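Student: compute the structure for the input listed below.
(one chain, ligands or ions: 1)
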Amino acid sequence: MDIQPALTQIPTASAEALEALRIHYLGQNGSLTAEMKALGKLDPEARKARGAELNVLKTQLAEAIAARKAQLESEALNAQLAQEAIDVTLPADPTYGGRIHPITAAMEDIAAALRTLGFSHAYGPEVETDDYNFTKLNLPAHHPARQDQDTFYLNPFAVADTKHKTQNTKHLLRTQTSNVQIRTLEAVKPPFRVMGIGRVYRRDYDLTHTPQFHQVEGMMVESGTTFAHMRGVLDEYLRIFFGKPLKTRMRPHYFPFTEPSAEMDVECHLCRGAGCRVCKHTGWLEILGCGMVHRNVLAVGGLNVDDVQGFAFGAGVERLAMLKYGISDLRLFYESHAAFLRQFGKAAVSAA
Ligand SMILES: [Zn+2]
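Tutor: Predicted structure coming up:
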């Protein structure tokens, strides 16, 4: 039997060709196996000589196949390692650190501006009673101004009952941070300057309204406080928040909890007062509501308007952030697009 053709093929055989060769010679029905089986038919002398010869051939062939198999496996492993190798010299994919959300950043900037003017934080609950959200703010039941604020009532069929309020009180999600004013008036003796910043809720959703948004509220109560003090504080507060002096103006307005009341406008930052689409060609943008604290509201804290006076103001945090950052659609704040959010605010942690 001649295995020379096989031995010459082995060094270049692929894994599949090698296995075919092995089966052809050494498999159960292989030619070499067949010759080994045929040994029994030979006479003893010839069997011995032929057996030794076949054993040598079998060993030669098996060793050559095993050597080539090991070589193929080593080549395959090297190829895989080369393919999976990491080139540490290539530039890395950019990584983004967390950032402060623009609304949170705006609230921090508002608080920082008001702190420099002597205002400290005060708080009120987000689930509030009808009493603290409306009645004590000079908005008794059936007051028409209640209709302006589409309220989420938690128990709409409860009757507002001041006599038995623990048993039968209407609860709601606060529609304004002004509840902080009442809770402060009841708990703190003047003089004081407080700010309340937080979430408020109304049943509203469109380009400029979301059901949950944020307000900032400020209140200063001190003997001798005048409308002029309010104007000065608000101008300075806006100057610090926007980082530059802004022209402002006040228009007479109505709020139940202040008297007199005003709305404050800032000069349009886009057209600088010339008139454009954003400011509806007026040159002005409404920015906050304010006024002298109403005598009925002061009375909640047991205060008499002849002894002590105060002013209060309130603004939407989203509105302030939109004006500061030049954003035209309120909903962008809440849609969680990473590319949008990455443009604003400070880095929460320094990027590595
Ligand atoms: Zn404008």
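
Student: neighbours around Cys279, how many?
Tutor: Cys279: 20 surrounding residues under other Cβ atoms under 10 Å. C-beta here means a position set from N, CA and C on the backbone, and glycine is covered the same way.

Student: how far away is the spatially closest residue to Ala113 that is not a sequence neighbour from Leu246?
Tutor: Spatially, and ignoring its direct neighbours in sequence, Ala113 is nearest to Ile240 (3.9 Å; Cβ to Cβ, 6 or more residues apart in numbering). Remark: distance between Ile240 and Leu246 (Cβ to Cβ, to the nearest Å) = 11 Å.

Student: and Ser31, by the same measure?
Tutor: 99 Å.

Student: same check on Met292?
Tutor: 23 Å.

Student: any residues touching stretch 172-179, and which ones?
Tutor: Contacts of stretch 172-179 from elsewhere in the structure, counted by Cβ atoms under 8 Å, 6 or more residues apart in numbering, are 124-130, 132-133, 137, 149-154, 196-198, 200-202, 215-217, 257, 312, 314.

Student: walk me through the domains of the chain.
Tutor: When the chain is parsed with automatic domain parsing, its domains come out as 4-84, 102-341.

Student: the ones you listed into TSV, with extra columns for mean pLDDT and distance to Leu90?
Tutor: Output for the domains of the chain, formatted as TSV (pLDDT from 0 to 100; distance: least, Cβ to Cβ, whole Å):
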stretch	mean pLDDT	distance to Leu90
domain 4-84	88	14
domain 102-341	89	24
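
Student: which of those domains sits most buried?
Tutor: domain 102-341 (a mean of 17; mean count of other Cβ atoms under 10 Å).

Student: any idea which element Met230 lies in?
Tutor: helix 227-242 (DSSP states H and E).

Student: Asp93 now?
Tutor: Asp93 belongs to no helix or strand, assigned by DSSP H and E.

Student: do you know the pLDDT at it?
Tutor: pLDDT for Asp93: 81.

Student: how close does it get to the ion?
Tutor: Distance, Asp93 to the ion, by Cβ to the ion, to the nearest Å: 41 Å.

Student: give me the secondary structure label for Gly314.
Tutor: Of the three states, Gly314 takes strand under DSSP: H, G, I helix; E, B strand; the rest coil.

Student: what sits up against stretch 121-131?
Tutor: 111, 132, 141, 154, 160, 162, 165, 169-174, 177, 179-180, 182-184, 188, 194-201.

Student: restricted to helices, list the residues you listed.
Tutor: Ala111, Tyr132, Asn179, Val180, Ile182, Arg183, Thr184 (DSSP state H).

Student: just flag the most distant two among these.
Tutor: For those, the farthest-apart pair by Cβ to Cβ is Ala111 and Tyr132; their separation is 22.3 Å.

Student: ok, what's across the strand from Glu263?
Tutor: Arg251, Gly289 (DSSP bridges).

Student: tell me the contacts of it?
Tutor: Met250, Arg251, His253, Glu286, Leu288, Gly289, Cys290.

Student: could you dump these to a markdown table with distance to Glu236?
Tutor: Converted to a markdown table, the contacts of Glu263 look like this (distance: Cβ to Cβ, whole Å):
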| residue | distance to Glu236 |
| --- | --- |
| Met250 | 15 |
| Arg251 | 20 |
| His253 | 21 |
| Glu286 | 19 |
| Leu288 | 13 |
| Gly289 | 18 |
| Cys290 | 14 |
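
Student: do you know how far the closest residue to Glu267 other than its chain neighbours is from the ion?
Tutor: Distance criterion Cβ to Cβ, 6+ apart; nearest residue to Glu267, sequence neighbours excluded, is Lys247 at 3.9 Å. The spacing between Lys247 and the ion, counted by Cβ to the ion, is 12 Å.

Student: go ahead and flag the most central residue of the chain.
Tutor: Ser336 (5.7 Å; Cα atoms, centre = their mean).
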